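Novice: Predicted model and sequence follow; I will ask about them next.
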Amino acid sequence: DQGLIYVGAAIEAGMYINLNSDGFRVGADLGLFDAEYVNDSGITYYALCLAGTDVAYGTYVGNGTSQSIALAWQPDWVIVKRHPSSTSTHLKGKDMAAADSVSLDGGIVTNGITAFTVAGFDIGNQSQVNLDLATHSYIALRELAGQVEMITWTGDGSQDRLITTINPPLFVFACAGQVT
């Protein structure tokens, strides 16, 4: 399972990701390395690195078709989670293809989080982000200069690999995306 891996300042040193002053290291876990989670060869990985940010969060009820979620500003990243499911978390970053989002269970999904608008974001009919009558929660993030970064890298199978960020992150969400 190549699910969500996350590390924050309040969490003990990550088993797969360790934060440092240059960014973060993948596979730097003092012998507990399992490359499939953070640096498997040929897999594209995505990481959302937070040093500080504007944040909006809330819930919406799915309608099974498509809908717009209103915010006071245009987000750069959105994370959506359906409740009470533990396997339906999606992430979309501003640099991703128009209709694509990433399932944090691994893989690119179309028709999930489909677009960012000037005042919110759109979701399609994908059941993990818009199941009819199900409650979904979201976290929307707007970049503050150098405080939020979406990083991608293609795994090379090595251990203790440095992934450089603009500022030292306080929190990192990372997941496998696709085989390249």
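Specialist: Sure thing, it's come through.
Novice: quick one, phi psi at residue 108?
Specialist: The phi/psi pair for residue 108 (degrees, to the nearest 10) reads phi -80, psi 140.
Novice: May I have the beta-bridge partners of it?
Specialist: Counting by DSSP bridges, residue 108 is bridged to residue 102.
Novice: roughly how far apart are it and residue 90?
Specialist: For residue 108, the distance to residue 90 (C-beta to C-beta, to the nearest Å) stands at 10 Å. Yep, even glycine has a C-beta here, placed from its N, CA and C like the rest.
Novice: Also residue 40?
Specialist: Separation of residue 40 from residue 90 (C-beta to C-beta): 21 Å.
Novice: of the two, who's got more company?
Specialist: Using other C-beta atoms under 10 Å as the criterion, residue 40 and residue 90 rank with residue 90 on top: 24 against 18.
Novice: Next, the buried residues of the helix or strand where the more buried one lies.
Specialist: Element membership for residue 90 (DSSP states H and E) is strand 89-93. Within strand 89-93, the residues that count as buried by 16 or more other C-beta atoms under 10 Å are 89, 90, 91, 92, 93.
Novice: what would those look like in TSV with pLDDT?
Specialist: Output for the buried residues of strand 89-93, formatted as TSV (pLDDT from 0 to 100):
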residue	pLDDT
89	78
90	81
91	81
92	85
93	82
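Novice: isn't residue 60 right up against residue 134?
Specialist: No - under the criterion of C-beta atoms under 8 Å, residue 60 makes no contact with residue 134, lying 9.7 Å away.
Novice: so what's in contact with the two at the same time?
Specialist: Common contacts of residue 60 and residue 134 (C-beta atoms under 8 Å, 6 or more residues apart in numbering): none found.
Novice: Spit out the residues that contact residue 108 and residue 90 alike.
Specialist: Common neighbours of residue 108 and residue 90 (C-beta under 8 Å, 6+ apart) are 101, 102.
Novice: Can you list the low-confidence ranges for the chain?
Specialist: 1-17, 27-38, 52-53, 84-88, 104-106, 145-146, 175-180 (pLDDT under 70).
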